[in-house]
Each structure stands twice: as C-alpha cells, then as structure tokens.
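Asks: got a sequence here, can you model it:
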Amino acid sequence: MRGHHADGWPSAHHRRRVGDGGRRAARGAAALLRSEGFTLDEWLVLGSLEDGDDLTMSELRAITVIDKATLGRRVDVLVTQALVYREVDGFDRRVIRVHVSTRGRDVPSRLTVLLAQHEHPAAPRD
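Replies: Numbering: from 1, shown residues only. Coordinates of the predicted model:
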C-alpha cells in the first residue's frame, strides 16, 4: 500500500501530513471559536455538559482530556459568563459538580454548527 511500510503502518511522511492536517484544522477551529469569544477547551467543556449535565470536575477532566489547572480556569470563565454553575456534591463535599445553565444550554450546538460550516463551507446555513 502506498505511503505505508510493509508491516501496514503509515510512513513517517504520511503520519506528518496527517498530523499537519489535524493541527491546521484545530488552529482553524480555535480561531473561529475565539471570534465567538470562546476557547477550544471551553467548547469541549460546554459540549460535554450538553451530553451529560451534572458532571464532576474529575468526569469533565476524563471526557475533555484537559489538565486539572486549565479545566479549573476554563470553568471559572464559563461561570463568570453565567454559562455554567458549580455546586458541592450532596454526598461528598470534596466533589464539585458542574451544570450547564439555562443561558449556556444552546451555546455548544450553535458553536458546533459554526464549526461544521467552517469545515464544510457548502453545508446549508440556518
């Protein structure tokens, strides 16, 4: 197979090209999100909460793969914008639960539509 070693693994050149494409896409997504006032990490947090409201910080960290300090800062920003709120767990006061607010409920889907339109410009716009 072209671009692959005999053992089936992609060549270094092929891996580099795929990696470059992924980085370009991530930079484009980050720039679009920045123009809307969000970071990629904030979008990941909001999207995770859209899928499963009432997540602990540990659960959010596992889902988003954002380090603990950065996640704390991103959640702080979203709390300041009134898009999410935090609450101490009723059973274990050491656990912090994060919820999406009414104001933040539509943000992830709106941003996801913008990202899809950016990635595929021919996609129909609402």
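
Asks: so, low pLDDT: which residues of this structure?
Replies: Applying pLDDT under 70 to the chain flags residues 1-25, 121-126.

Asks: show me the strands in it, by range?
Replies: Taking DSSP state E as the test, the strands found in the chain are 55-56, 84-88, 96-100.

Asks: what does the shortest one contact?
Replies: What that stands for is strand 55-56. Contact with strand 55-56 is made by S48, L49, I63, D89, V95, I96, R97, V98, as judged by C-beta atoms under 8 Å, 6 or more residues apart in numbering. For glycine as for every other residue, the C-beta is placed from the backbone atoms N, C-alpha and C.

Asks: do that again at 6 Å, thanks
Replies: Residues from elsewhere that reach strand 55-56 (C-beta atoms under 6 Å, 6 or more residues apart in numbering): V95, R97, V98.

Asks: select, out of the strands of the chain, the one closest to G37.
Replies: Proximity to G37 (C-beta to C-beta) singles out strand 84-88 among those, at 14.7 Å.

Asks: other SSEs contacting that closest one?
Replies: If contacts are counted by 3 or more C-beta pairs under 6 Å, 6 or more residues apart in numbering; DSSP states H and E, strand 84-88 sits against strand 96-100.

Asks: who does the strand it packs on pair with, and is each partner parallel or antiparallel?
Replies: strand 55-56 (antiparallel), strand 84-88 (antiparallel) (DSSP bridges).

Asks: any idea how far it is from the middle of the chain?
Replies: Relative to the mean C-alpha coordinate of its chain, strand 96-100 is positioned 16 Å out (C-alpha atoms, centre = their mean, to the nearest Å).

Asks: flag every buried residue along that strand.
Replies: Within strand 96-100, the residues that count as buried by 16 or more other C-beta atoms under 10 Å are I96, R97, V98, V100.

Asks: quick one on the thing from earlier: from the contacts of strand 55-56, pick the one nearest T80.
Replies: For the contacts of strand 55-56, the nearest to T80 is V98 (13.6 Å; C-beta to C-beta).

Asks: I'd like to know how far that closest one sits from L78.
Replies: As judged by C-beta to C-beta, to the nearest Å, V98 and L78 stand 8 Å apart.
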